[in-house]
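Novice: Next come a sequence and a model predicted from it.
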Amino acid sequence: MIKYNPDLYGMAFTYDEFHGMPWKQIGNSGLRAPVIGLGAWKFGYPETGDGARVTEKEALALLDKAWEEGVLLWDTANRYNASSGNSERVLGTWFVKNPEKRRDVILCTKMFGSMDGKTPNHCRLSRNNIKDAVYACLERMQTDYIDLLYFHQFDAYTPVEESLSAIEDLVAGDYIRYLGVSNFSKENMELYEKTSNSMSIRTRVVAVQNKFDLLHGEYAPNDGVLDFCAKHNVAFIPHGPLASGLLTDRYLDASKVGKGDRLFDEGTYDPGAMRSELEKVAAIKDLASEYDMTVSEMSLAYMLTLDGMGCQIPGATSTEQLVSNAKAGKVTLSDDARKGMKRITGIG
């Protein structure tokens, strides 16, 4: 039963922002989401050995702050953290604690890879696995529906018609609301569009989540997807928009890099091999300082100006990082700032 709430009396007829955060449409759909969201990849229970970097207690505090900042596009996947499902479980704990705020959140998760069992039917995009995976995701996140479900990878074995018809069933049952894809090539996108047209279905791909950052652009073999999105009004929502933290000033001074820094912990920090990338980061830092912004803030703000680009979903391990990321969505870059970023990155 919905109870009356005087705090909601006298509202405006429509809204385009929440807590100062602008929202935009996701592709050619009516669904709107904040331009800056939150990636929940490393939320989990590290004490169990799942490889997470953010504990449940820390994550819940981040989610509380995200709501305060209007950062309400929350992105996860069933396989995050050693195929444990723990990132989804953490989000579910927050929803149980804040049931009245569930509709405020645009909840996104992904399925494809093996989960909850080791048979060949526990993976890929068959009707069986799509439905079983979605039901398991809903149980872990303790919610009745998923706002945006992504196929985590292209399936070269299952007929696209079968996968899309399963999504039609789930939409009809109100288990999911919208469909996205992830790690798709331009050819994969074209096939899905062609198949959707031939089937005359209502559930179309509204978003694609591929790897992209300003140091490397699109990653092979998925070149050309951003341009496809711009032409076909699909939202390109990049994963890893800050290049695993490289697009910050954290790694510019090698003497200060050590345990606790993600690239160091993962064994991928090599300042010699990263010389060209670090030179770009240093140039971005100089430019950003002219506008009282950080490297990450300038990078995220510039990404939002690119044709075809949708919302950004950077991760965060502290409330300070989250607030900084949120700032990027609330600024408008000048023409000079955009020209400077294009000159430095070669993108735009």
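Specialist: Alright, I've got the coordinates. Numbering: from 1, shown residues only.
Novice: Surely Val208 is in a strand?
Specialist: Yes: judged by DSSP: H, G, I helix; E, B strand; the rest coil, Val208 forms part of a strand.
Novice: In three-state terms, label the nearest residue to it once chain neighbours are set aside for me.
Specialist: Take Val208 and drop its neighbours on the chain: the residue closest to it by Cβ to Cβ, 6 or more residues apart in numbering is Val181, 5.3 Å away. Any C-beta I mention is one placed from the backbone N, CA and C, and that applies to glycine too. Val181 carries the three-state label strand when classified by three-state DSSP.
Novice: what number of residues lie near Val181?
Specialist: As a burial measure, Val181 scores 24 neighbours (other Cβ atoms under 10 Å).
Novice: List the residues that contact it.
Specialist: 150-151, 154, 188-189, 192, 205, 207-209 (Cβ atoms under 8 Å, 6 or more residues apart in numbering).
Novice: doesn't Lys211 make contact with Ala243?
Specialist: No: using Cβ atoms under 8 Å, Ala243 makes no contact with Lys211, being 9.5 Å away.
Novice: neighbour count winner among these two?
Specialist: Ala243 (21 against 17).
Novice: tell me the contacts of that one?
Specialist: 213-216, 277.
Novice: swap the cut-off to 10 Å and go again
Specialist: 211-216, 251, 263, 274, 277, 281, 296, 299 (Cβ atoms under 10 Å, 6 or more residues apart in numbering).
Novice: what do you get for Met293?
Specialist: Contacts of Met293 by Cβ under 10 Å, 6+ apart are 284-285, 287, 299-301, 324, 327-328, 331, 333, 337.
Novice: Dump those residues into JSON lines; add pLDDT and secondary structure as well.
Specialist: Formatted as JSON lines, the contacts of Met293 follow (pLDDT from 0 to 100; DSSP: H, G, I helix; E, B strand; the rest coil):
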{"residue": "Ile284", "pLDDT": "98", "secondary structure": "helix"}
{"residue": "Lys285", "pLDDT": "98", "secondary structure": "helix"}
{"residue": "Leu287", "pLDDT": "98", "secondary structure": "helix"}
{"residue": "Ser299", "pLDDT": "98", "secondary structure": "helix"}
{"residue": "Leu300", "pLDDT": "98", "secondary structure": "helix"}
{"residue": "Ala301", "pLDDT": "98", "secondary structure": "helix"}
{"residue": "Ser324", "pLDDT": "98", "secondary structure": "helix"}
{"residue": "Lys327", "pLDDT": "98", "secondary structure": "helix"}
{"residue": "Ala328", "pLDDT": "98", "secondary structure": "helix"}
{"residue": "Val331", "pLDDT": "97", "secondary structure": "coil"}
{"residue": "Leu333", "pLDDT": "98", "secondary structure": "coil"}
{"residue": "Ala337", "pLDDT": "98", "secondary structure": "helix"}
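Novice: List the buried residues for stretch 88-96?
Specialist: Neighbour counts using 16 or more other Cβ atoms under 10 Å place 88-95 of stretch 88-96 among the buried residues.
Novice: Just the closest of the residues you listed to Glu161, please.
Specialist: Glu161 lies nearest to Glu88 out of these, by Cβ to Cβ, at 28.2 Å.
Novice: Can you give me the distance of that closest one to Gly44?
Specialist: 9 Å (Cβ to Cβ, to the nearest Å).
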